[in-house]
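Enquirer: Below is the structure, and that's it, no one-letter string:
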DNA sequence: TATCTAATGCTCATTTTGAGCATAAATGGA
DNA sequence: TCCATTTATGCTCAAAATGAGCATTAGATA
């Protein structure tokens, strides 16, 4: 017995964060939705997926990846919406392995390749740094309630209601920032996301509440955000995003970019201090307005000394 | 351009825990190493990987999977050691997607299929429930020190030393139970694991310090253990392993099976109580010796009410 | 009935959080 | 020059969560 062919795609969600908030590297495509950096896995050339991914990104985007971790392998039929630049192994089922790559503050990119875009363009409902985003009350919640009511049986309605409550924290249930992927998937199921209509080959106009991406790439980005929001709490991964020297405020602002809400400054510092992950250098930075801030550096040695945990996230209420 | 073929295998690490400690479902193979339940992904038949996995496990092991999550996709050349029962798409590169499945206490299995085996047969160094396992002092540490000294340059030796220290907590550095996969990979790199010699096609006899598995299956189990040990702390997944009614002691013993060390009983209960995940039923169980214990049940509703976290793990020192 | 073995209940000293008040050091006008 | 503004830092205090143990309770058994 011989199985139908399968083609493997490697997708990179390359993230950075700086002055302009959290960034993701996307490849713009003329008159089409932007895509993630993407390349086929070639078993003849690549001993491992990661080697393939690095080679591919460096070739195509002239960009050397640093920290990389595998996210998830997607293979649902009907959600792949093949990209034009995929080698046409005709009728092959496409499965995509998503990777998360973290890199220092958005460096200048060679033109013609990828460009940095703010995450929250694609996920405006995830940005609570300045309070609850309006899009939730104005568009999402009403649409979700409509979707709940549309279900045929009371049982199905109850199940939809539960799902919406948990993922979006409806009815005073509290927002859990790590549920970013669940929220994306719910918006997809309920048809609020442009990709859903596209995958069902509906031509119906969508109320565009956010920017969409090629294929299932926005889903992969949502996976990356969820992973990063979780991981930051139990592994010191934030430092992969920081330059060599940074102020505590800039570190805090990067963490806030990621988790999507504001933190209590003093408590953030106190907890950070206890981890031993950072060390003052004595150098100062005079930024715009206000007292100059000390520059700190990441103590990589700390990883060896202590039980490596992440960074505490004291939510500001 | 057309890429060489790729075959996708779906592997399930099915876990349970009961009186006899933590169990994993393996398929014994005559005169060969045991394997995980395994099946090829058929893109023509399976809309999603998970559907394929469930269908496959239910067909082959007459076993319905409940909780399932994807672990990782492995694709390193040279570590796959093809299984005989793989459909021979000649020369195809085999990539395997590992899944973690949790199920209630080891139910009787139809004979001829899989059978339950204690995890720690495959990972004896991971079981600290009765204190530090002897195998660490007797076999592993000396072998690791030899491996460190074998490196050619001082720089390489330092790097090996660091790696060994962090993963195995050498020189009083503290054992981190979540590093199970790192430890397996280190033992593999340092040639202490039978699979390493096999993959290098050495015929050299191995000091067998533990049972090995087919292909890269033990690596997948190590991934599952690491994932589960981490996840249990921030998601209430333990309950997937429990029967409807259970005593707090049996719950604790399941948690201990997973994390691999003993917990402080009173503190475990206090913390568990606060989560609101369990509820006494008033029914009692008179077990062997000692005062009868109350039977509790899992309050699934709790997931909706509270910010779902995991179970606190108050280590007993 | 005395003894053993678990299951439960409770206490107490430490640590870790959550919230804020207070002070310090630049910058940019008035 | 001096003051209002804007950040950066220091510190305090009450509340909650943890880590360790002692004490009591309730069946099973010799």
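Expert: Structure received. Here the structure is a predicted model, which means the values were calculated and not measured.

Enquirer: give me the beta-bridge partners of residue A:131?
Expert: residue A:129 (DSSP bridges).

Enquirer: any chance you could map the strands in chain A?
Expert: Residue ranges of the strands in chain A, as given by DSSP state E, are A:6-18, A:21-29, A:32-35, A:38-40, A:67-74, A:93-102, A:115-118, A:245-247, A:278-285, A:293-298.

Enquirer: Show me the one of those strands that comes nearest chain B.
Expert: strand A:93-102 (3.4 Å; CB to the nearest CB). Glycine gets a C-beta too; all of them are placed from N, C-alpha and C.

Enquirer: any idea of the mean pLDDT for that closest one?
Expert: In this model, strand A:93-102 has a mean pLDDT of 94.

Enquirer: Who are the packing partners of it?
Expert: When contacts are defined as 3 or more CB pairs under 8 Å, 6 or more residues apart in numbering or on different chains; DSSP states H and E, strand A:93-102 sits against strand A:6-18, helix A:49-61, strand A:67-74, helix A:217-231.

Enquirer: Now with 10 Å, please.
Expert: If you count contacts as 3 or more CB pairs under 10 Å, 6 or more residues apart in numbering or on different chains; DSSP states H and E, strand A:93-102 packs onto strand A:6-18, helix A:49-61, strand A:67-74, helix A:217-231, strand B:6-18, strand B:67-74, strand B:93-102.

Enquirer: The ones you listed: lowest mean pLDDT?
Expert: Across the helices and strands packed on strand A:93-102, helix A:49-61 gives the lowest mean pLDDT, at a mean of 88.

Enquirer: between the helices and strands packed on strand A:93-102, which one is nearest to DNA strand C?
Expert: strand B:6-18 (14.7 Å; CB to the nearest atom of the strand).

Enquirer: picking that back up, switch the helices and strands packed on strand A:93-102 over to a markdown table; also include mean neighbour count and distance to residue A:154.
Expert: Shown next, in a markdown table, are the helices and strands packed on strand A:93-102 (neighbours: other CB atoms under 10 Å in any protein chain shown; distance: least, CB to CB, whole Å):
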| stretch | mean neighbour count | distance to residue A:154 |
| --- | --- | --- |
| strand A:6-18 | 24 | 40 |
| helix A:49-61 | 18 | 46 |
| strand A:67-74 | 19 | 33 |
| helix A:217-231 | 23 | 30 |
| strand B:6-18 | 24 | 35 |
| strand B:67-74 | 19 | 27 |
| strand B:93-102 | 23 | 31 |
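
Enquirer: Format these as CSV; extra columns: distance to residue A:168.
Expert: Formatted as CSV, the helices and strands packed on strand A:93-102 follow (distance: least, CB to CB, whole Å):
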stretch, distance to residue A:168
strand A:6-18, 23
helix A:49-61, 33
strand A:67-74, 22
helix A:217-231, 14
strand B:6-18, 32
strand B:67-74, 22
strand B:93-102, 27
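
Enquirer: Any idea which of the ones you listed gets closest to DNA strand D?
Expert: Of the helices and strands packed on strand A:93-102, nearest to DNA strand D by CB to the nearest atom of the strand is strand A:6-18, at 14.5 Å.

Enquirer: That's all I had, so thanks and see you.
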